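**Q** Show me how the following folds:
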Amino acid sequence: MSPPSRTPAGGPSRRGLLAGGGAAALAAAAVAGASPAQAAGPAAPGAPGRDRTARTAARTRDRAAGARKRTKIGMGYQTWFMPGVGQWQTPEAKPLLGHYSSLDEKVIKRHAEWLTWAGIDYLLLDWSNNLGGNWTNDTAAQIIKGTDALLSVYAKLKKRPQLTLLLGMDDGKAGTEHFLAQIEEVKKRIAKYPDLWLKHEGKPLLNVFTGANLKMPPDWNDDYFTLRWQGAFREIVLNPGGQWSWKDRVPFANGPEKVVADFRFGDAGLDGWKAQGPWRVDKVPTGPSFDNQVEVRCVSIRPTDGEQQAKGRLTSPPFRITEPVLSFNAIGTDMAAYDKLPSLDGRNAFLLSDAKTGEVLRHASPPGEPGGFHVRQWNVRELLGREVVFEIVNNNDFPANLGWCGVDRVFQQSAEQVAVVPASAGNHGPGSYDTWDADSREHGATYVSQFTGVFDWEPEFVQICAWNEFGAPDQFSTAASNDIEPTVVTRLKGKNSDGWGYYYLDLTRDLIDQYRAGAEFPNVKLDLRYP
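**A** Purely as a prediction, here's the structure:
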């Protein structure tokens, strides 16, 4: 069976779709017939902690073969628990280790034991939040001090994750004096602890956070590193330029892009595509992107100024599939979606077809919204080397601006990175967990739903968000938060629990174990007592 098309429904800070009902349905599917999850947490509130070292020794991890063997699985990690930063003012739960200091060697060691036991290959140390602007401010100095404490301890450990950094820009800019000061601090630490750092393409990997926006990443590089820009909320703001993602509400495959079509204004705007009908490139108002409407360049036959909706077809020149992911950002509706393909009578659709035979290899419907772009992705790994064409079919003439569809561009991508979160805020901004489009933990269902993307894409890097933020607005409540680190539990009542114990650490281990072993799909039992 051909892999299904990606049709997710569809941020200023990275702090922020699978509908809650969809996650719950997936949870039910995951539970049905599943093998028992490995120790889903304490048997009851107040149960003693378990000896993780003994359990680690008792189990070995099958790293499988091929793409799954090479996958590096990472975890976002904070070193900001320092006296002057005050990050224990708004925690959503209390860690088992208490309100600790990032300088505490025992805490650093225990974290390393837990993370290694769970199968985490690397930590993404977060310098992005409080390090913008003046690099010399006291908050930045304290976060660096916490990082230095971790580096010192990790250098003595035989088993621990590797490390990489997520830097912040200087007031939205790269290459400034303060930004370059950050870079020099990073280089000093790599030189001092060369064995601790995660490498990609033969160089230390460096991530720089751009924020959630519609802009291409800055034109800055340093050959000392393999640089990856990192955005967030791709389903809302599209994150162009092959950026990785800090968090997404849908598990997209992120990575370097190879453009198939980047439509432009003017007579040559169709980029050599064959047009049947009045196709054109213009700006389309779209939104909200965190409650802000923006204009995006789009190719379509959208009617303007009272025009009647036209029909037509737009076909790309033949091109060869060279990457495992084909992506495009879609807009518009299909008012005849109840009619199944292969008939295209009255249908609006996006097609990928064999260039010689015309066989439809992949298809997707418009998102059902004329006022917002949504990311579409096809897994085309099995089509590598095949010559294909991409087509936009607009056979619907429904009035009232509801009969058209379009795309902003079409591009191939490597499956380099997938972001995974246990819960996600809504479209209105960081910490928007009280909105209809937010996804709480749902007893682990959201986490399992997100992890299915890892099983599908088999990326080079997985980034889980996150281990230990413990701060508002992102960590809104025990049920609406992302943290994995084990916490105290005194009240075990589903979403109204005051913690989650070892539950999410164990679930992380189970999901990684199954992925490494080559499972087609996550197969775990969820415990409805936990948030």
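**Q** Which residue lies nearest the spatial centre of the protein?
**A** Ala419 (2.9 Å; CA atoms, centre = their mean).
**Q** That one should be in a strand, yeah?
**A** Yes - the assignment for Ala419 (DSSP: H, G, I helix; E, B strand; the rest coil) places it in a strand.
**Q** Need the per-residue pLDDT for the closest residue to it other than its chain neighbours.
**A** Spatial nearest neighbour of Ala419, chain neighbours left out: Ser245 (4.3 Å); criterion: CB to CB, 6 or more residues apart in numbering. Every residue, glycine included, has its C-beta placed from N, CA and C. pLDDT for Ser245: 94.
**Q** correct me, but Ser245 touches Arg228?
**A** No - the pair Ser245 / Arg228 is not scored as a contact, 10.4 Å apart, by CB atoms under 8 Å.
**Q** Spit out the residues that contact these two alike.
**A** Gln417 (CB atoms under 8 Å, 6 or more residues apart in numbering).
**Q** And the helices in the stretch 101-250 of the chain?
**A** Per DSSP state H, counting those that start in this stretch, the stretch 101-250 of the chain has helices spanning 105-118, 138-154, 177-192, 234-237. These are given in chain order.
**Q** mean pLDDT lowest for which of the ones you listed?
**A** Minimum mean pLDDT among those: helix 234-237, a mean of 81.
**Q** Return the list of helices and strands in contact with it.
**A** When contacts are defined as 3 or more CB pairs under 8 Å, 6 or more residues apart in numbering; DSSP states H and E, helix 234-237 sits against strand 369-379.
**Q** other SSEs contacting the strand it packs on?
**A** Using 3+ CB pairs under 8 Å, 6+ apart as the contact definition, the elements that strand 369-379 packs against are helix 234-237, strand 280-289, strand 325-332, strand 360-364.
**Q** how does it look with 6 Å?
**A** Using 3 or more CB pairs under 6 Å, 6 or more residues apart in numbering; DSSP states H and E as the contact test, the elements touching strand 369-379 are strand 325-332.
**Q** what are the pairing partners of the strand it packs on, and which direction each?
**A** According to DSSP bridges, strand 325-332 forms sheet pairs with strand 369-379 (antiparallel), strand 405-413 (antiparallel).
**Q** Would you confirm that the residue nearest to the centre of the chain contacts Val250?
**A** No - the pair Ala419 / Val250 is not scored as a contact, 9.5 Å apart, by CB atoms under 6 Å.
**Q** since we're on Glu387, how many residues are nearby?
**A** 12 (other CB atoms under 10 Å).
**Q** measure the residue nearest to Ala419 to Phe252 for me?
**A** 7 Å (CB to CB, to the nearest Å).
**Q** Give the intersection of the neighbour lists for the two.
**A** Arg234 (CB atoms under 6 Å, 6 or more residues apart in numbering).
**Q** any chance of the strands paired with strand 325-332 in JSON lines, with distance to Ala174 too?
**A** Formatted as JSON lines, the strands paired with strand 325-332 follow (distance: least, CB to CB, whole Å):
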{"stretch": "strand 369-379", "distance to Ala174": "25"}
{"stretch": "strand 405-413", "distance to Ala174": "23"}
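**Q** which one of those strands lies closest to Leu344?
**A** Judged by CB to CB, the one of the strands paired with strand 325-332 that comes nearest to Leu344 is strand 405-413, at 12.4 Å.
**Q** between the closest one and strand 280-289, how big is the angle?
**A** Calculated by axes from the mean of the first three to the mean of the last three CA atoms, to 10 degrees, strand 405-413 forms an angle of 80 degrees with strand 280-289.
**Q** buried set for strand 405-413?
**A** For strand 405-413, the neighbour count (16 or more other CB atoms under 10 Å) marks 405-413 as buried.
**Q** any idea which of those residues is closest to Trp88?
**A** Gln413 (39.8 Å).
**Q** I'd guessed that closest one sits against Ser327; true?
**A** Yes - Gln413 lies in contact with Ser327 (CB under 6 Å); the separation is 5.3 Å.
**Q** contacting residues for Ala423?
**A** Contacts of Ala423 by CB under 6 Å, 6+ apart are 439-441, 446, 480-482.
**Q** tell me the domain boundaries of this protein?
**A** As given by automatic domain parsing, the domain ranges for the chain are 20-250+415-516, 259-413.
**Q** which of these sits most buried?
**A** Highest mean neighbour count among the domains of the chain (mean count of other CB atoms under 10 Å): domain 20-250+415-516, with a mean of 19.
**Q** Where does pLDDT dip in the chain?
**A** Within the chain, the segments meeting pLDDT under 70 span 1-65, 86, 130-137, 266-268, 287-292, 337-341, 426-436, 473.
**Q** switch to 50 and redo it
**A** 1-49, 51-60 (pLDDT under 50).
**Q** Quick check: beta-bridge partners of Val281?
**A** Judged by DSSP bridges, the bridge partners of Val281 are Val299.
**Q** so it makes contact with Ala261?
**A** No - counting by CB under 6 Å, Val281 stays clear of Ala261, with 10.4 Å between them.
**Q** about what we covered before: okay, the domains of the chain in TSV with distance to Leu528 next?
**A** Shown next, in TSV, are those (distance: least, CB to CB, whole Å):
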stretch	distance to Leu528
domain 20-250+415-516	5
domain 259-413	31
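**Q** between those domains, which one is nearest to Val524?
**A** Closest among the domains of the chain, once you apply CB to CB, is domain 20-250+415-516, at 4.6 Å.
**Q** Secondary structure element holding Arg68?
**A** Arg68 is located in helix 67-70, with elements delineated by DSSP states H and E.
**Q** Hmm, I typed the wrong one, I wanted Glu520.
**A** Assigned by DSSP H and E, Glu520 falls within no helix or strand.
**Q** And for it, the neighbour number?
**A** Neighbours around Glu520, by other CB under 10 Å: 8.
**Q** what kind of secondary structure is the residue lying closest to it once chain neighbours are set aside in?
**A** Leaving aside its chain neighbours, Glu520 sits nearest to Phe455 (6.9 Å; criterion: CB to CB, 6+ apart). The three-state label given to Phe455 by three-state DSSP is helix.
**Q** now Phe455: how far from Arg297?
**A** Phe455 is 34 Å from Arg297, by CB to CB.
**Q** on that earlier part again, could you redo the buried residues of strand 405-413 as a markdown table and give each row distance to Thr116?
**A** A markdown table is the format used below for the buried residues of strand 405-413 (distance: CB to CB, whole Å):
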| residue | distance to Thr116 |
| --- | --- |
| Cys405 | 48 |
| Gly406 | 48 |
| Val407 | 44 |
| Asp408 | 43 |
| Arg409 | 41 |
| Val410 | 41 |
| Phe411 | 37 |
| Gln412 | 36 |
| Gln413 | 31 |
